[in-house]
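>>> make a model of this:
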Amino acid sequence: MSSQPNPQTSSVRLVIADVDGTLVTQDKVLTPRATDAVKKLHDAGILFGITSGRPPKGMRMLIEPLQLTEPLAGFNGGVVVNPDLVPLSKHLLPADVATEAVQLIVQHGLDIFLYSDLDWFVRDANAPHVAREAWTVQFSPTVVHDFDSLMDRVVKVVGVGDDLEAVARCETEMQAWSAGRVSAARSQPYYLDVTHPKANKGEVVAMFSQICGIGPDKIATIGDMPNDVLMFKKSAISIAMGNASEEVQNAATFVTASNQEEGFAMAMERLLQ
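So this is what the prediction gives:
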């Protein structure tokens, strides 16, 4: 890890950015400087794409201000859409795997967010983080009594809890239990995202590489959470946010400032030097 850019930055032709904790502030604001940084990438002929644990509908507010032309990889790649939100691909969890994953999350005392390609389901509209998530993605969940009838439609299951150690333990046990049947990684300290094994940010880099015709040796990635390390490993240049954990920072080529200090814009400006 270095605090200075790698010399390879001059060859970057595509940047892939995480959204929450990276592209936007803690208050989910896309700052003018961040918007301007993406415009400067476009002006330099560098493509820009986003990937997030959010559902595709939860990223639509970014399309116009960033003038996005590349696909949006929602659910960590579980559903990929074009900027018109027309699906290009989706990876559903097998029903039996989704059922067992929900059971394991519940055993750890966590709440459940369950997503299909278009909809979000919860059992309690007043559960922790529901209101905040609805505000972030700008649409509300459907409240259901149970998830039994939805298991053949699951793109992502999220374990939600403010006991951060319990979330971390659940992540470790989910990874051991799944034996490769799911991708399980925290997208926030209080969110454990469980998706199809091909729905992870490492696969997102491969997908963008193929669609854009740009090799991984010319791709830069930027993020702040453990699930972003998967895309760090697949790209030539990786940038960790200053608000990332030491583990994430140590996996990156270099570290920028936090998302509260215009770290995304600073990193893009550095790439363009």
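
>>> which residues of the stretch 1-150 of the chain score low on pLDDT?
1-10 (pLDDT under 70).

>>> doesn't V12 make contact with K218?
Yes: using C-beta atoms under 8 Å, K218 is in contact with V12, at 6.0 Å. For every residue, glycine as well, the C-beta is placed using N, CA and C.

>>> report the set of residues contacting both of those two.
A236 (C-beta atoms under 8 Å, 6 or more residues apart in numbering).

>>> out of the two, which sits in the more crowded spot?
V12 (23 against 18; other C-beta atoms under 10 Å).

>>> list the contacts of the more buried one.
Contacts of V12 by C-beta under 8 Å, 6+ apart are 46, 218-220, 236-237, 271.

>>> any idea how far it lies from D96?
Between V12 and D96 the computed distance is 42 Å (C-beta to C-beta, to the nearest Å).

>>> for the protein, identify the residue most remote from the centre.
The outermost residue of the chain, judged against the average C-alpha position, is H145 (28.1 Å), by C-alpha atoms, centre = their mean.

>>> follow-up on the earlier one: farthest pair in the contacts of V12?
I46 and A236 (13.1 Å; C-beta to C-beta).

>>> buried set for the host helix or strand of A34?
Following DSSP states H and E, one finds A34 within helix 32-43. By neighbour count with 16 or more other C-beta atoms under 10 Å, helix 32-43 contains the buried residues 34-35, 37-38, 41.

>>> is it true that T51 touches I16?
Yes: at 6.0 Å, T51 counts as touching I16 under the criterion of C-beta under 8 Å.

>>> these two: who's more crowded?
T51 (30 against 27).

>>> could you measure from the more buried one over to G161?
24 Å.

>>> repeat for E247
20 Å.

>>> more crowded one of these two?
Per other C-beta under 10 Å, whichever of E247 and G161 has more neighbours is G161, with 21 against 11.

>>> show me what stretch 116-127 is in contact with.
55-57, 79, 87, 90, 111-115, 130, 133, 137, 139-147, 150, 153-155, 160.

>>> among these, name the buried ones.
Buried among the contacts of stretch 116-127 (16+ other C-beta under 10 Å): 55-57, 79, 90, 111-115, 130, 133, 137, 141, 147, 150, 153-155, 160.
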